[in-house]
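Visitor: Quick one: sequence and predicted model below, then my questions.
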Amino acid sequence: MKKILLYSVLFFTTILSISCEEVVDIDLNNSEPKLVIDAIIKWQKGTSGENQTIKLSLTNDFYTNNILPANGATVTVTNSSNVVFNFVEVPTTGDYVCTNFQPVIGEIYRLEILYEGAVYTASSALFATPDIITVEQETVVGISGEDEIQIKYFYQDNGAEENYYLLGVKNPNKQIPEFGVVSDEFFQGNVMFGFYGSSETEPGITLDLSVQGVSKSYHNYMNKLITIAGSGSGNPFATPPATIRGNITNTTNNNNYPLGYFHLSEIDTVNYLVQ
């Protein structure tokens, strides 16, 4: 009797599996495309920071991963002394490039974008970032029972102020970078560290480790995006499956707000060869 029951279950499961192989396309109503603004200005430590890029694109259909560039916009960033930095599009790419930007820690900058008759604006200070002091590597037994390489990279928090950080790791064995956010709420003035462990980390590869000082609001924004991306990883500048508003306003029509964020900070990076 038990064998008959078992065979019946297996037979039913087989039929269910076969029936589930049929692909069903659901006809979804597409909303009007929204402008997506990736205006994250990163001043790499040790460089002049003159070369910066702002990316403009449009949201696309649910079933496609193709990125639609937003062409023909006028993009400027202005500092508190009314010096205007023009970002000029590389034709048809949606990449708007400036080659004479002047980054200054603590300076306030204003973004303005004119696109298809609408004006988009935002403002932000440029945040300082601590240096990465050192990197440590350890091999431990992972959840799967196999050895896993874990990396820690350390930086000194500024004890005189409240700080927030965006940490990043680029692993050549993964298609997209991984990010995490942290505050100094429980580590004020202490040495802090970024932690990275992955089964896809192996000796001989080079990891790109980074830290950025960020504002509280950008920390919260990135935290939501990382959560949506799943498991604390993913591409934060891809169009998210849920609508998360950034700090950029459509001054022409407030209801037709864009996606994306305007933020400026230093960034420190270390290329670490895994041993």
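Guide: Thanks, I have it.
Visitor: Tell me the buried residues in the helix or strand containing I226?
Guide: Assigned by DSSP states H and E, I226 falls within helix 216-229. Neighbour-count burial for helix 216-229, counted by 16 or more other CB atoms under 10 Å, picks out Y218, H219, Y221, M222, N223, L225, I226, A229. All C-beta atoms are positioned from the backbone trio N, CA, C, and that covers glycine.
Visitor: From K174, how far off is the last one?
Guide: Plainly put, A229 is 13 Å away from K174 if you go by CB to CB, to the nearest Å.
Visitor: Bridge partners for V182, pull those for me.
Guide: Taking DSSP bridges as the rule, V182 bridges to Y165.
Visitor: and the gap between it and D131?
Guide: Relative to D131, and taking CB to CB, V182 is found at 17 Å.
Visitor: repeat for D184
Guide: D184 is 16 Å from D131, by CB to CB.
Visitor: Settle it for me: which of those two has more neighbours?
Guide: Higher neighbour count among D184 and D131: D184, with 17 against 12, using other CB atoms under 10 Å.
Visitor: Check the gap between that one and V77 for me.
Guide: From D184 to V77 the distance is 28 Å (CB to CB).
Visitor: what does S217 give?
Guide: According to CB to CB, S217 stands 18 Å off from V77.
Visitor: just V191 next, same as before
Guide: From V191 to V77 the distance is 34 Å (CB to CB).
Visitor: So those two - more neighbours on which side?
Guide: V77 (26 against 12).
Visitor: Got the domain ranges for this protein?
Guide: 35-128+239-266, 132-234+269-273 (automatic domain parsing).
Visitor: Does S144 touch G197 like I think?
Guide: No. With contact defined as CB atoms under 8 Å, S144 does not count as touching G197 (11.8 Å).
Visitor: So for those two, which sits in the more crowded spot?
Guide: Using other CB under 10 Å, the more surrounded residue of S144 and G197 is G197, with 14 against 8.
Visitor: quick one: contacts for that one?
Guide: V140, G142, E148, I149, Q150, I151 (CB atoms under 8 Å, 6 or more residues apart in numbering).
Visitor: What is the neighbour count of the last one?
Guide: Other residues near I151 number 21, with proximity taken as other CB under 10 Å.
Visitor: pLDDT weak spots in the stretch 151-275 of the chain?
Guide: Residue ranges of the stretch 151-275 of the chain with pLDDT under 70: 230-242.
Visitor: Now do the strands for it: every range, in order, please.
Guide: For the stretch 151-275 of the chain, the strands defined by DSSP state E, counting those that start in this stretch cover 164-170, 178-183, 191-197, 206-214, 249-250, 259-273.
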